[in-house]
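> 3D model of this:
(one chain, ligands or ions: 2)
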Amino acid sequence: MLPVIALVGRPNVGKSTLFNRLTRSRDAIVADYEGLTRDRKYGEGRQGDSAYIVIDTGGISGDEEGIDAKMASQSLAAIDEADAVFFIVDARAGLTSADEMIADHLRRQGKAAWLVMNKVDTVDPDSAASEFYSLGLGDPHPIAAAHGRGVRALIEEALHEF
Ligand code: GDP
Ligand code: MG
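Numbers count the residues shown, from 1 in each chain. Ligands and ions are numbered 1, 2, ... in the order given. Below you'll find the model as predicted:
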């Protein structure tokens with residue numbers, strides 16, 4: 001079984017953009033991986049000799065109802081089946097209460113979590129990073145998923161842990 005990385009965060013932080021980059025838009029079907037539910041979006045990626053599975057999720061906004069509640073519960077299920085989580089926050093939008101809620105959940109689960117600060121093409125990464133330290137998940141990893149900046153360093157560091 002390949003290592004499984006779940007992409008988690010609020011809607012619009014760039015999870016799907018990162019998913020496409022990590023899987024090189026190959027949108028691979030991973031029907032062969034037993035134990036993974038098919039109602040989330042799975043893709044396979046590769047970095048050097050290491051292959052991995054990425055799960056895209058709908059997002060957690062913190063005030064879910066109806067369809068949103070379903071998306072959020074799928075995000076929680078994705079966290080559950082992942083070996084590691086990339087928790088994505090938006091450098092441009094800054095820290096939100098939904099981010100704090102997700103961070104709390106990750107800490108309670110004790111899952112290996114990388115705090116990923118996306119959209120650093122729009123702001124100064126160092127000043128944007130400062131407010132995210134309060135999430136208690138360590139250094140934010142700066143990326144710009146839309147342009148690929150920082151993505152390789154992130155996945156290499158994460159894969160190194162497996
Ligand atoms: P999701 O809802 O978390 O899956 O977010 P999406 O991947 O759909 O992206 C939401 C919006 O953010 C889209 O308009 C993307 O083009 C934009 N976006 C994603 N990554 C970046 C980035 O690195 N820089 C900038 N400036 N915009 C981005
Ligand atoms: Mg998405």
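> which stretches of this protein have low pLDDT?
Residues of the chain that meet the criterion pLDDT under 70 lie in 25-40, 67-68, 70-71.
> and the residue of it nearest ligand 2?
For the chain, the residue closest to ligand 2 is Ser16, as judged by Cβ to the ion, at 3.2 Å. Yep, even glycine has a C-beta here, placed from its N, CA and C like the rest.
> show me what the strand or helix carrying that residue is packed up against.
Element membership of Ser16, judged by DSSP states H and E, is helix 15-22. Secondary-structure packing of helix 15-22 (3 or more Cβ pairs under 8 Å, 6 or more residues apart in numbering; DSSP states H and E): strand 4-9, strand 41-47, strand 50-56, strand 84-90, strand 112-118, helix 151-160.
> 6 Å instead?
The contact analysis (3 or more Cβ pairs under 6 Å, 6 or more residues apart in numbering; DSSP states H and E) places helix 15-22 against strand 4-9, strand 50-56.
> between strand 84-90 and the longest one, find me the angle.
For the pair strand 50-56 and strand 84-90, the angle between their directions (axes from the mean of the first three to the mean of the last three Cα atoms, to 10 degrees) equals 50 degrees.
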